[in-house]
Every structure is written in C-alpha cells, then in structure tokens.
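K.L.:
Next input, structure requested:
(one chain, ligands or ions: 2)
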Amino acid sequence: MPAAAFFSAALPPPSRTLSRRLVVSRAAAAAASASASSSSGWQGGGGVEFQGKVGFLGLGIMGAPMASNLIKAGCDVTVWNRTKSKCDPLLSLGAKYEPTPAQVASSCDVTFAMLADPQSAAEVACGSSGAAEGLAPGKGYVDVSTVDGATSKLIGERITSTGASFLEAPVSGSKKPAEDGLLIFLTAGDESLYKRVAPLLDVMGKSRFYLGDVGNGAAMKLVVNMVMGSMMVSFSEGLLLSEKVGLDPNTLVEVISQGAISAPMFSLKGPSMVKAAYPPAFPLKHQQKDLRLALALAESVSQSIPTVAAANELYKAAKSLGLSDHDFSAVIEALKAKVQSQSSQ
Ligand SMILES: NC(=O)C1=CN([C@@H]2O[C@H](COP(=O)(O)OP(=O)(O)OC[C@H]3O[C@@H](n4cnc5c(N)ncnc54)[C@H](OP(=O)(O)O)[C@@H]3O)[C@@H](O)[C@H]2O)C=CC1
Ligand SMILES: O=CC(=O)O
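P.N.:
Residues are numbered from 1 along each chain as shown. Ligands and ions are numbered 1, 2, ... in the order given. Modelled structure (predicted):
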C-alpha cells in the first residue's frame, strides 16, 4: 500500500478546524498592512497597528526579549514577574509595572503570559490575584507558554468565564529568535482576538499559524518539540561516537551542516557542545517537560513514540545530574555519564 494510502486508511480525517488553518508570514503581513494603511489604516506611535495597552506576565529567557520588542516598537506595555527584579530592564526601557497579574490584566486591553510550565501558567492565569481576576468583557488574554492542551483549555475556560477572549499562542524559536523578533506563533482559540493581536505577534515573530480550537496550538508545539528533543539526542550520540572512533567532532558538525540533515540547531549548538559549554537558551528542564507532555499527548491517541520515550529518559538523567537550568544540549553529558558507567563495568 502506498504511504499516502496507508496514512489515509490509518488516521481519522483531519478536523475542520485544522484544515482551515491560516498561515501568515511577516512579509505577507507587512504587504497587507502597507496596502491597508495607504487607504484607511491607523498606526500607533511606534508604527504598530494596535490600539490599546499591552500587559506582559513572565519575564524569563523568552518573555523579557518579547516584551522588550513590543516596547521598542512603541507599544504601551505593563509588566509583572514573580521575581520583581527581572522587571527592572524593561522598566528602564519605558514599561510600567503592576504588582499582581490581576492588576496588569485590569489595566491593559490585552495581556500576554510567558510562563515556565502548565502549573505556573494556570497559577498566574487562574490563581489568587491571577490575571482572570482583572479581566472583563472586551479584554484579551494570550498565553504564549508551552503547556498541554488540557491546561490550555482550563485556562481558556476560566478566562472566557470573565467575558474576556482567550488565545493560546505557544512559540517555536528560542532566545535569539525572541531577541530578533523572529518567533513562529502557533495560535488557536478566539479568532477575532487572533486578528486583533496580529500586529503585536508580527512585532515579536516572523510568522503565525492559526490552527482552530484551543488545544491545537499546544499540540502542534509539543509535536515540534518532541522532534527537536529527539534530534538533539541523536546529534549528541553522533558527536560522542565520532570522537570515540578517532574523528574530530568539529568536522562532523561541518559535514552535517553541508548535507541534507543540516539544521540551524546543529550548527548553532554543535561547536559549544564540543567544548562542553551549555549557556541556557532553551533550559533542559523545559525540554524534558515538553517530552513528558508529548508522551501524554501520544498516549491520548494510543500512538507509540519509542524514540521520544528513550530521549525523555536521557533528559531525566541529565536533570538528576543537576543540569536542569543548562541549555538542553547538555543532554550530551547524560550520555557521556552512561557511556562511562558502561565502560567501567
Ligand atoms: N527558552 C526557549 O528557547 C523557549 C521556551 N519556550 C517555552 O516558553 C516558556 C518560558 O520559557 P523561558 O522563558 O525559557 O523560561 P524561564 O525559565 O527563563 O522563565 C520562566 C518564567 O516563568 C516564571 N515562573 C515560573 N514558575 C512560576 C510560578 N509558580 N509563578 C509565577 N511565575 C513563575 C518565571 O518567574 P521567575 O523569574 O520568578 O522565576 C519566569 O518569568 C516555557 O513554557 C518554555 O517551554 C518556548 C520556546 C522557546
Ligand atoms: O521550545 C523551544 C524552541 O526552541 O522552540
């Protein structure tokens, strides 16, 4: 049976929401915006077509540069972070501060949240003094954290119970794309909120996908990241094996960069992995969280993902070696420890 026939026989038909997904690149958005503003379009102070105040909750590796890009584009931004000192660089760029997520949400038209994991995303949105307490009809809440679909739905239900609109919008792209405004947004939920915040997404990202119902953005992000996590393990195995058989791992990085499996991730991380340096861009604990959530997603549809399951064990081993806050490329250290313990047996 040809592969295409196998897939159409084995899988349920694509959902209507997925098939009407919308994909917009920044170039396309800029062209549309230029033609609109030449007729009746309105542009805010910094050239961003968004009228209103923007809140930003969570100023970690990703949130800080994303909020910073909004401020630099001329948006009126109010920030909050659990560790208050992380707000300081944003305040010096001109951001305002509120002491709770609820106060940010109540003082802004649209609030973005970039939190570590499902637990913190739910707590900041739905907990005591959480964003939901400050929301009301006409306001919007955009969660850009990487969480599972169930958490996203729970947050969405609490947000919409206030009369506000909800969009999930996890991002693909790491620290550097966040700094450069080159993220990829995987959005789902309220389509009119999606259209309303599109100019803000275009400040922070290079493209945006609208994927339909809440949960689809989260699922897409987890599938992308399970591929990424397994690729990193495979790359680590190759680097170690090349060294063990007397090759220069730097040459392996160069060879890979010129062939069909070339990927920016290998070229970017390879040279520092060879030097055993792992400055955090994507913390290892977050990659392991994404693999854990991807395994649960696969389980929910009874699909086996054995490579991801094996990769997850290695990230868990890396965490137990104290590497949680290092870059996820530090997973190679767990492999080194495994190889060493095998050779000493
Ligand atoms: N780094 C990357 O390359 C990418 C990360 N992501 C995803 O984006 C999200 C954020 O990642 P990143 O910025 O790297 O992570 P960081 O660990 O740098 O930042 C996490 C943020 O969450 C906050 N936080 C954690 N726990 C709580 C809590 N219980 N209550 C309130 N706030 C809390 C932290 O506050 P505090 O400062 O007080 O600790 C911080 O603002 C994650 O879901 C990650 O998977 C997505 C794409 C790329
Ligand atoms: O979630 C991480 C990324 O690089 O994307």
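
K.L.:
pretty sure L183 contacts P177?
P.N.:
Yes - with contact taken as CB atoms under 8 Å, L183 and P177 are classed as touching, separated by 5.2 Å. No exception for glycine: its C-beta is placed from N, CA and C like everyone else's.

K.L.:
Helices of the stretch 201-345 of the chain, start to end?
P.N.:
Counting by DSSP state H, counting those that start in this stretch, the stretch 201-345 of the chain has these helices, from start to end: 216-244, 249-258, 264-274, 284-300, 306-320, 331-343.

K.L.:
could those helices be laid out in a markdown table, adding mean neighbour count?
P.N.:
Shown next, in a markdown table, are the helices of the stretch 201-345 of the chain (neighbours: other CB atoms under 10 Å):
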| stretch | mean neighbour count |
| --- | --- |
| helix 216-244 | 20 |
| helix 249-258 | 15 |
| helix 264-274 | 17 |
| helix 284-300 | 21 |
| helix 306-320 | 18 |
| helix 331-343 | 16 |
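
K.L.:
which one is L182 nearest to, not counting chain neighbours?
P.N.:
Across the structure, with CB to CB, 6 or more residues apart in numbering as the measure, the residue nearest L182 apart from its sequence neighbours is K206 (4.5 Å).

K.L.:
The one you found: neighbouring residues, count only.
P.N.:
Counted with other CB atoms under 10 Å, residues neighbouring K206 total 18.

K.L.:
got a list of what it touches?
P.N.:
Residues in contact with K206, defined by CB atoms under 8 Å, 6 or more residues apart in numbering, are 25-26, 177, 181-184.

K.L.:
okay, who's weakest in the residues you listed by pLDDT?
P.N.:
On pLDDT alone, R26 ranks lowest of the contacts of K206, at 67.

K.L.:
Quick check, F235 in contact with S267.
P.N.:
No - F235 lies out of contact with S267 (CB under 8 Å); the separation is 10.7 Å.

K.L.:
Now for those two: what residues contact both?
P.N.:
Residues touching both F235 and S267 (CB under 8 Å, 6+ apart) are I256.

K.L.:
Sort out which of the contacts of K206 are buried, if you could.
P.N.:
The neighbour-count test (16 or more other CB atoms under 10 Å) applied to the contacts of K206 identifies 26, 177, 181, 183-184 as buried.

K.L.:
In a markdown table: these, plus secondary structure and distance to Y278.
P.N.:
Conversion of those to a markdown table gives the following (DSSP: H, G, I helix; E, B strand; the rest coil; distance: CB to CB, whole Å):
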| residue | secondary structure | distance to Y278 |
| --- | --- | --- |
| R26 | helix | 31 |
| P177 | helix | 19 |
| G181 | coil | 25 |
| L183 | strand | 22 |
| I184 | strand | 24 |
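
K.L.:
Spell out which residues of the stretch 201-345 of the chain are next to ligand 2.
P.N.:
When proximity is defined as CB under 6 Å from any ligand atom, the stretch 201-345 of the chain approaches ligand 2 at 225, 282.
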